[in-house]
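Q: Have a look; sequence and predicted model below, questions after that.
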Amino acid sequence: MTISFSQQIFNRVEPVWQSYLTHPFVKGIGDGTLDKAKFIHYMKQDYIYLIEYSRLFAIGASKANDLSTMTLFGELLHGTLSFEMDLHRQYAEKFGISAEELEATEPSATMTSYTSYMLSQASLGGVENTIAAVLACAWSYNYIGKALAENPSSKEHEFYGDWVNTYSSSEFTELVDKCIQLIDQIGKTASPETKKKLEDIVVNTSYYEYMFWDMAENITMWDVPVTV
Ligand SMILES: Cc1ncc(CN)c(N)n1
């Protein structure tokens, strides 16, 4: 029996994604015990991450070979800049942090490295590279959101509930499903070499996702003894 390209990719990254569910930062969102200082660091780094992530969709739209793919990247761009980043702006407001302050966040090493990798992969190849670079980000957040949402108290938590509800929502799931459909469509005609290259992009971005959780948990910026 042949499996879809997305299933083949999922089988490869599943152990990495499972490790997110036992990561202290993700567990802390799920059970509501996460230290707010760690969440603030995450939220600020993630806000500037999402700005770079949005550029990725613009690259995807420019490289699209058909209107439906261009429309998908347009939807992802709009959804990120409005729906997803609104979540961060709302959280920031609770801490008295303005949207301008969020945007002026100094980038950490992990955020810089991760977004640089995604953008370089997207720039180097065609539309297939862009969707491969997007996949772990979109799909693994939905995977985490749905897993946490299985516990009703996570969804109802007065502070972290909004995070869980956003990433497990039907709107977010629909966008992720469209990304999965696009990678499956690409997988139908791609050569084994191309598929291996795309799979490697998803594996590497999955590793970066883990590093991002770690950066948030440990409130790290740059691993050097002095700052200038
Ligand atoms: C680091 C990261 N990866 C993915 C997502 C989900 N768009 C996010 N907000 N941040």
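A: In hand now; what should we look at?
Q: rest of the way, CA atoms for contacts and neighbours
A: OK.
Q: The most centrally placed residue in the chain and the ligand: what is the separation?
A: When the chain is reduced to its mean C-alpha position, the nearest residue by Cα atoms, centre = their mean turns out to be C137, at 2.6 Å. According to Cα to the nearest ligand atom, to the nearest Å, C137 and the ligand sit 4 Å apart.
Q: Mind pulling the model confidence for that residue?
A: In the prediction, the pLDDT value recorded for C137 is 98.
Q: Let me see the contact set for it.
A: Applying Cα atoms under 8 Å, 6 or more residues apart in numbering, one finds that C137 lies in contact with 205-206, 209.
Q: Distance from the chain centre to the host helix or strand of it, please.
A: Here C137 sits within helix 127-149, counting by DSSP states H and E. On the basis of Cα atoms, centre = their mean, to the nearest Å, helix 127-149 sits 6 Å off its chain's mean C-alpha point.
Q: Show me what the very next helix or strand once past that helix is packed against.
A: Counting by DSSP H and E, the next helix or strand C-terminal to helix 127-149 is helix 152-156. Helices and strands touching helix 152-156, as assessed by 3 or more Cα pairs under 8 Å, 6 or more residues apart in numbering; DSSP states H and E, comprise helix 24-31, helix 127-149, helix 161-168.
Q: Now do helix 152-156, average pLDDT.
A: 98.
Q: For that helix, which outside residues touch it?
A: The set of residues that contact helix 152-156 without belonging to it, under Cα under 8 Å, 6+ apart, is 29-32, 148-149, 160-162, 164-165.
Q: Now do the buried residues in it.
A: Counting neighbours by 16 or more other Cα atoms under 10 Å, one finds that the buried residues in helix 152-156 are 154-155.
Q: Also stretch 19-39?
A: 20-21, 25-32, 34, 38-39.
Q: What of stretch 122-133?
A: 122-123, 126-133.
Q: will you turn those residues into CSV that also has pLDDT and distance to L67?
A: Supplementary listing: the buried residues of stretch 122-133 in CSV, determined by pLDDT from 0 to 100; distance: Cα to Cα, whole Å:
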residue, pLDDT, distance to L67
A122, 97, 19
S123, 97, 20
G126, 96, 15
V127, 97, 13
E128, 98, 15
N129, 98, 18
T130, 98, 16
I131, 98, 15
A132, 98, 19
A133, 98, 20
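Q: Go back to these and keep what's next to the ligand.
A: Near the ligand, taking Cα under 6 Å from any ligand atom as the test, no member of the buried residues of stretch 122-133 is found.
Q: ok, so of those residues, who is nearest the ligand?
A: For those, the residue nearest the ligand by Cα to the nearest ligand atom is A133; the value is 10.7 Å.
Q: If we ignore the residues flanking it in sequence, what's nearest that closest one?
A: Nearest residue to A133 in three dimensions, chain neighbours excluded: M118, at 5.4 Å (Cα to Cα, 6 or more residues apart in numbering).
Q: Report the contact partners of that neighbour.
A: Residues touching M118, when contacts are defined by Cα under 8 Å, 6+ apart, comprise 56, 130, 133-134, 205.
Q: how much distance is there from whichever helix or strand E93 is part of to the middle of the chain?
A: Taking DSSP H and E as the criterion, the element that holds E93 is helix 85-94. Remark: helix 85-94 is offset 17 Å from the chain centroid, using Cα atoms, centre = their mean.
Q: Let me see the mean pLDDT of it.
A: Across helix 85-94, the average pLDDT comes to 97.
Q: right, and the helix or strand after the worst-scoring helix or strand of the chain on mean pLDDT?
A: Ranked by mean pLDDT, DSSP states H and E, the helix or strand of the chain with the weakest confidence is helix 99-103, at a mean of 95. On the C-terminal side of helix 99-103, the nearest following helix or strand under DSSP H and E is helix 109-124.
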